[in-house]
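Undergrad: Return a 3D structure for these sequence lines:
(chains A and B)
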Amino acid sequence: AQTVTQSQPEMSVQEAETVTLSCTYDTSESNYYLFWYKQPPSRQMILVIRQEAYKQQNATENRFSVNFQKAAKSFSLKISDSQLGDTAMYFCAFSTAGSQGNLIFGKGTKLSVKP
Amino acid sequence: DTEVTQTPKHLVMGMTNKKSLKCEQHMGHRAMYWYKQKAKKPPELMFVYSYEKLSINESVPSRFSPECPNSSLLNLHLHALQPEDSALYLCASSLAIGFSGYTFGSGTRLTVV
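TA: Numbering: from 1, shown residues only, chains lettered A, B, ... in the order given. Sure, this is the predicted structure:
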């Protein structure tokens, strides 16, 4: 069975600084996808970034980047130049390719950006 | 159109009521999902539809009844719910099951009284 673990229930960061959220996962599959989702108090689940397991290059989206370590089954999210609007719950999620590939979520990390 | 639209946004219902949640997308996605999310918890998968057929039912009680009338629409019919069923119900869609790229709606906040 696949599992996703986020070991940091809560984190805080000063505005304009950099923060890294950790995520580890366990799977025996070779073809899968990893995601970071953001859920602000408005409750909309917003895709921040995704990574295909077969790609060695780490994904980047503006201020958001990942450190994907496939052998270590680690998938951390780095947020640079943190903004107040980044305050939200962040979920790491995993999906296998194929007919059983629904999203499996970690427990989440609550990030607070302080002015 | 790159959105998943859920209605209503809020719903309060009694334990003897029958109500329905609606989810709609026009992105040509052929997989649609219902998730249940309790406060401060991650979403939990309830049902998956693939090409309008029920593909996954995560042992959800029969008081929840999903329906997929066409490729754009997903309903969740509610009957005789319990107070512990109060939660945020999220709908999502993807091009196909296991295909990278899930789009979520903003959810229906359900309160059972």
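Undergrad: Assumed A:Gly85 was part of a helix.
TA: Yes: applying DSSP: H, G, I helix; E, B strand; the rest coil, one finds A:Gly85 inside a helix.
Undergrad: So it versus A:Thr27, what's the distance?
TA: 32 Å (Cβ to Cβ, to the nearest Å). C-beta here means a position set from N, CA and C on the backbone, and glycine is covered the same way.
Undergrad: and if you look at B:Lys36?
TA: Distance, B:Lys36 to A:Thr27, by Cβ to Cβ: 24 Å.
Undergrad: Those two - which one has more neighbours?
TA: Comparing B:Lys36 with A:Thr27 by other Cβ atoms under 10 Å in any protein chain shown, the one with more neighbours is B:Lys36, at 20 against 16.
Undergrad: Where does the more buried one fall, secondary structure wise?
TA: In the assignment (DSSP states H and E), B:Lys36 maps to strand B:31-37.
Undergrad: Geometric centre of chain B: which residue is closest?
TA: Geometric centre of chain B, nearest residue: B:Trp34, 3.2 Å, by Cα atoms, centre = their mean.
Undergrad: doesn't B:Leu78 make contact with it?
TA: No: using Cβ atoms under 8 Å, B:Trp34 makes no contact with B:Leu78, being 11.3 Å away.
Undergrad: so which strand or helix has the residue minimising distance to the centre of chain A?
TA: Closest to where the C-alpha atoms of chain A average out (Cα atoms, centre = their mean) is A:Trp36, at 3.0 Å. Assigned by DSSP H and E, A:Trp36 belongs to strand A:32-39.
Undergrad: before we move on, the earlier item: show me what the residue nearest to the centre of chain A is bridged to.
TA: Listed beta-bridge partners, A:Trp36: A:Ile49, A:Cys92 (assigned using DSSP bridges).
Undergrad: how close does it get to chain B?
TA: According to Cβ to the nearest Cβ, to the nearest Å, A:Trp36 and chain B sit 12 Å apart.
Undergrad: and that residue, how far is that from B:Arg109?
TA: Remark: distance between A:Trp36 and B:Arg109 (Cβ to Cβ) = 24 Å.
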